[in-house]
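>>> have a look at this prediction, sequence included:
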Amino acid sequence: MSVGELIPVVAIASGSIGWIATTWIRARHGYPVTDDWGNKVAKGDLDDARRVELLTGENERLQGQVGRLEERIAVLERIATDPAERTAREIDALR
């Protein structure tokens with residue numbers, strides 16, 4: 001590859017690398033990130049603290065739900081493995 005063929009490749013690559021570096025620096029220092037036409041790119045509606053709070057609440061809810069489902073599965077396993085007479089006695093005792 002001659003120098004004449006290499007110049008356009010280097011020019012295009014340096015422009016792309018410069019754009020990436022500029023965008024990274026702007027984002028790192030809190031400046032708004034823009035697209036090719038100067039429009040601001042949305043960072044997100046919720047800040048990080050609010051997102052963590054929402055995820056924590058959802059996590060607690062899901063853990064409670066999993067606990068209830070585990071209890072139900074344990075009851076179903078006990079019903080499935082117990083002899084029929086014992087299960088019938090327990091049902092009659094509940095009536």
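Alright, I've got the coordinates. Note that the coordinates shown come from a computational prediction; the quantities given were computed from them, not determined experimentally.

>>> ok, longest helix in the chain?
The longest helix of the chain (DSSP state H) is helix 48-81.

>>> what mean pLDDT does that one get?
Helix 48-81 shows a mean pLDDT of 90.

>>> for burial, what's the neighbour tally of Lys40?
Lys40 has 9 neighbours, counted by other C-beta atoms under 10 Å. Glycine gets a C-beta too; all of them are placed from N, C-alpha and C.

>>> again but with Gly30, I slipped
So Gly30, with other C-beta under 10 Å, has 6 neighbours.

>>> ditto for Thr81
8.

>>> and the gap between it and Gln65?
Thr81 is 25 Å from Gln65, where distance means C-beta to C-beta, to the nearest Å.

>>> buried residues in the helix or strand following the longest helix of the chain?
Remark: after helix 48-81, the chain's next helix or strand is helix 84-94, criterion DSSP states H and E. Going by neighbour count (16 or more other C-beta atoms under 10 Å), nothing in helix 84-94 comes out as buried.

>>> quick one: list the elements packing against helix 84-94.
If contacts are counted by 3 or more C-beta pairs under 8 Å, 6 or more residues apart in numbering; DSSP states H and E, helix 84-94 sits against no helix or strand.

>>> got the contact list for it?
For helix 84-94, contacts defined as C-beta atoms under 8 Å, 6 or more residues apart in numbering pick out Ile79.

>>> care to break the protein down by domain?
Under the assignment automatic domain parsing, the domains of the chain span 1-43, 44-95.

>>> and Thr34, what does it touch?
Lys40, Val41.

>>> quick one: the longest helix of the chain to helix 84-94, angle?
110 degrees (axes from the mean of the first three to the mean of the last three C-alpha atoms, to 10 degrees).

>>> just give me how far helix 48-81 sits from the chain centre.
Centroid displacement of helix 48-81 relative to its chain, using C-alpha atoms, centre = their mean, to the nearest Å, is 18 Å.

>>> output the contacting helices and strands for it.
On the basis of 3+ C-beta pairs under 8 Å, 6+ apart, helix 48-81 makes packing contacts with no helix or strand.

>>> if you set the cut-off to 10 Å instead, what comes out?
Counting contacts by 3 or more C-beta pairs under 10 Å, 6 or more residues apart in numbering; DSSP states H and E, helix 48-81 packs against helix 84-94.
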